[in-house]
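Colleague: sequence? don't have it. structure:
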């Protein structure tokens, strides 16, 4: 096997600890692919982080921009990347040169948690474990296109693709794959169009027909048929969530463009599970580094203060946002505790005596088993949907906030469990991105592309929508529209190649 | 070149391209003024972001964690509680509005290229020669404080090996006096060219806020350009109505007086300033004067012309006069200057420029700096 990533061996002391920690991790029941650690300088760390973990990625200025940001914020002491681990087999993980031994131990313990999660969580089951090679192949392809067609041209096309990169269907890898049916090439068969004869009737003797198939029934049948025909004429027949795939198949692109769009899509699918399990993944890794550092003797007592400092920095509550490390680790602990003390099942659910609930103690010893099960099946949305409790919410001081235009500031809106949960789930659904489908590829019979945003109470950012439509036009080459809502009103944002438009629309 | 260096330089080039595209906009809105650190300017560049369909931040709200009552403020801005990012990277992509740091030098270069400004030709011997000592060599004698440990050791090692006394098992190397090496220096003379920029502004009642903003934006870009042309640059500020006084930068842009206008007062002060502190043989002098062109009397204008002809113009690399249009001014002064200092005179280094509104700033910067003096 060719290693695209060259790895320098760890210094002996770290190598020793790596082995110790790995043994402990396995002993605790963690199960992971081989983890390859390398210690690198912060420049290298910034570089690899800028590439999303893959030093072999295709050339693009945005990685340079990210590098600029990361290395600067490191230089100015604003942030520091402690660890970087990528989901491949073997797992590659990077340690920052110059960190204290306690930091390195903590990071290694943390990384084994991630590695276990990558291997065992259902949502990662379809990811490409040879992504290092795949990324390298993508890079080779992009470079070849750049040689053939020019660096700027290819880079600008990548910009265009990245602008719609989030329009994928994150659940697609886990359901039966349906190809998008291509555009109907021929006219519809005649019998679909006429009425009467082809209508399905209930079987009846002739003299009973009038009663068995009354006019009202036939009318309903006719209407249904008509709708069906309309449906058949429509293209795509059903709304398509995987907009990128649809564009690959249907947009008038050259071969290299289709290829580039395809590789952008592959990478988007590869990274999607990380977006879907951020809270769980970080929570799980944090749970394990805490457990192993403090209970399994990895940490020397004189390292305690430093350890506590690093740990609390990572899991600090930040007022305006959710810290995935914090919520994740606390929720895993909460689940473990609830299942250890028997706070689940019918008896628990039905008990409404506050005191009995508070002093509930029916030990089962099933907590650990339960959290392993949770880490296998759930993603962030289902994780919080199922395990967030009012008590947890109050303990973690969760609240919702809103923007008040009049005061022009953000304010705490509510601490009600139902509201917090709803908002939290909304924030996590589809990784916080709007859900958008291809609705019609022949909108208004003009070969225009109509996307539709499933509005769930939050509007699209208007200026971003307009700018994105321009890029979409560059792919579709005919007018493009997106139907959404602005508060109560339906609205259609458009770009026809010349100018952007906006009008009332109820589709 | 590593991959990231390539991507990084592509990014820098894109940034420069965007700045180039927006340069005229930046100049006329004055939007970079005040965004300047010691030698860097931070420029907001939201256009460089890749757009995508996303939620309107403010219509959504979200969930947070911590103490506080309902209705408590979480701050303003695009996101609540903007704070430090204790970053663990890998997954997250930055969501912050992009600001790019550009050095003043880079900015001046872009300005120069976009406005096609010629480089300033050094005039005469207006260079100060500074002397600096630099450690350049090694010698066998010297004070202990300059002993070069590494070289000394090397010398001692060489000697020890040469006489066959070196034992790898017990690598003791003892330097003797002849092994000692000391740093030695030589004196380097480096020419340094300095520039003095004197800004003068009429702050009489007829100069409004908009006029001052124009001056402010102009001075920002002029400074950026002159800084890129000279090693050292000093700026002095003079405001005047009927009398003139020297002020600091902040006062310069924020003072509003009423009363009459005697331009000569400012010219007198400028001449005095140059006479006192800046020998003409060592300094490249650039006086800039901004006014709405309304002078008190014909007599005073005559004094101005005399001061210019005898004092300021001969001592300066270039004297620049910018006339900002204001609803009150008569705009007579520029005509007087044109009359007395016709442009076609070859060695005339007095430049005038009319600045009608903010959009004209670009043109007037070009007027001032286009001669390459």
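Modeller: It's in. Predicted model only: the values in this text are computed from it and were never measured.

Colleague: mind checking pLDDT for residue 59?
Modeller: Since you didn't name a chain, this refers to chain A. What the model reports as pLDDT for residue A:59 is 93.

Colleague: was after chain B, sorry
Modeller: pLDDT for residue B:59: 78.

Colleague: That one: which element?
Modeller: Assigned by DSSP states H and E, residue B:59 falls within helix B:57-60.

Colleague: helices or strands up against that helix?
Modeller: Secondary-structure packing of helix B:57-60 (3 or more Cβ pairs under 8 Å, 6 or more residues apart in numbering or on different chains; DSSP states H and E): strand A:398-404. Where you see a C-beta, it was placed from the backbone N, CA and C, and this is true even at glycine.

Colleague: how far away is residue A:316 from residue B:321?
Modeller: The gap separating residue A:316 from residue B:321 is 59 Å, by Cβ to Cβ, to the nearest Å.

Colleague: Please say which of the two ends up with more neighbours.
Modeller: residue B:321 (25 against 15; other Cβ atoms under 10 Å in any protein chain shown).

Colleague: Report the beta-bridge partners for that one.
Modeller: With DSSP bridges applied, residue B:321 shows beta-bridge pairing to residue B:289, residue B:352.

Colleague: roughly how far apart are it and residue B:272?
Modeller: For residue B:321 relative to residue B:272 (Cβ to Cβ), the value is 19 Å.

Colleague: before we move on, back to that, list the buried residues in the helix or strand following the helix holding residue B:59.
Modeller: As assigned by DSSP H and E, the chain's next helix or strand after helix B:57-60 is strand B:62-65. Buried residues in strand B:62-65, counted by 16 or more other Cβ atoms under 10 Å in any protein chain shown: B:62-65.

Colleague: Please apply the same query to stretch B:138-148.
Modeller: B:142, B:148.

Colleague: Which residues does it contact?
Modeller: B:151, B:178, B:180-184 (Cβ atoms under 8 Å, 6 or more residues apart in numbering or on different chains).

Colleague: now swap in stretch A:247-261 and tell me
Modeller: So stretch A:247-261 is in contact with A:141-142, A:145, A:148-149, A:154, A:157-158, A:161, A:164, A:180, A:182-183, A:244, A:262, A:265, A:441, A:475-477, going by Cβ under 8 Å, 6+ apart.

Colleague: and those, which of them are in strands?
Modeller: Filtering these for membership in strands, criterion DSSP state E, returns residue A:441.

Colleague: Which ones, among the contacts of stretch A:247-261, also lie beside chain B?
Modeller: For chain B, the contacts drawn from these by Cβ under 8 Å from any Cβ of the partner chain are residue A:164.

Colleague: mind listing which of the contacts of stretch A:247-261 are in helices?
Modeller: A:141-142, A:145, A:148-149, A:154, A:157-158, A:161, A:244, A:262, A:265, A:475-476 (DSSP state H).

Colleague: surely residue A:318 meets residue B:65?
Modeller: Yes - here residue A:318 lies in contact with residue B:65, judged by Cβ atoms under 8 Å, at a distance of 7.0 Å.

Colleague: so what's residue A:201 up against?
Modeller: By Cβ under 8 Å, 6+ apart, residue A:201 lies in contact with A:209, A:212-213, A:218, A:221.

Colleague: again, only this time at 6 Å
Modeller: residue A:213 (Cβ atoms under 6 Å, 6 or more residues apart in numbering or on different chains).

Colleague: tell me which parts of the stretch 201-350 of chain A are close to chain B?
Modeller: Counting by Cβ under 6 Å from any Cβ of the partner chain, the residues of the stretch 201-350 of chain A close to chain B are A:274, A:313, A:317, A:319-322.

Colleague: Is residue A:56 in contact with residue A:134, as I believe?
Modeller: No - here residue A:56 does not reach residue A:134: they are 9.2 Å apart, not a contact under Cβ atoms under 6 Å.

Colleague: Now find how far off-centre stretch A:316-325 is within its chain.
Modeller: With Cα atoms, centre = their mean, to the nearest Å as the basis, stretch A:316-325 stands 19 Å off its chain's centre.

Colleague: no no, stretch B:130-138
Modeller: When C-alpha coordinates are averaged (Cα atoms, centre = their mean), stretch B:130-138 and its chain have centres 29 Å apart.

Colleague: and it, average pLDDT?
Modeller: In this model, stretch B:130-138 has a mean pLDDT of 83.

Colleague: try stretch A:142-162
Modeller: On average, stretch A:142-162 scores 95.

Colleague: What is the neighbour count of residue A:158?
Modeller: 25.

Colleague: Find the nearest non-adjacent residue to it, please.
Modeller: Beyond its immediate neighbours in the sequence, the residue positioned closest to residue A:158 (Cβ to Cβ, 6 or more residues apart in numbering or on different chains) is residue A:60, lying 5.7 Å away.

Colleague: In terms of helices and strands, where is residue A:374?
Modeller: Using DSSP H and E, residue A:374 sits within helix A:367-377.

Colleague: which strands and helices sit next to that helix?
Modeller: Applying 3 or more Cβ pairs under 6 Å, 6 or more residues apart in numbering or on different chains; DSSP states H and E, we find helix A:367-377 packed against helix A:324-340.

Colleague: again, only this time at 10 Å
Modeller: When contacts are defined as 3 or more Cβ pairs under 10 Å, 6 or more residues apart in numbering or on different chains; DSSP states H and E, helix A:367-377 packs onto helix A:101-120, helix A:278-295, helix A:324-340, helix A:380-387.

Colleague: Please identify the buried residues of the last one?
Modeller: Looking back up the chat, that one is helix A:380-387. Neighbour counts over helix A:380-387 (16+ other Cβ under 10 Å) mark A:380-384, A:387 as buried.

Colleague: what do you get for the longest one?
Modeller: If you call a residue buried by 16+ other Cβ under 10 Å, then helix A:101-120 has these buried ones: A:102-120.
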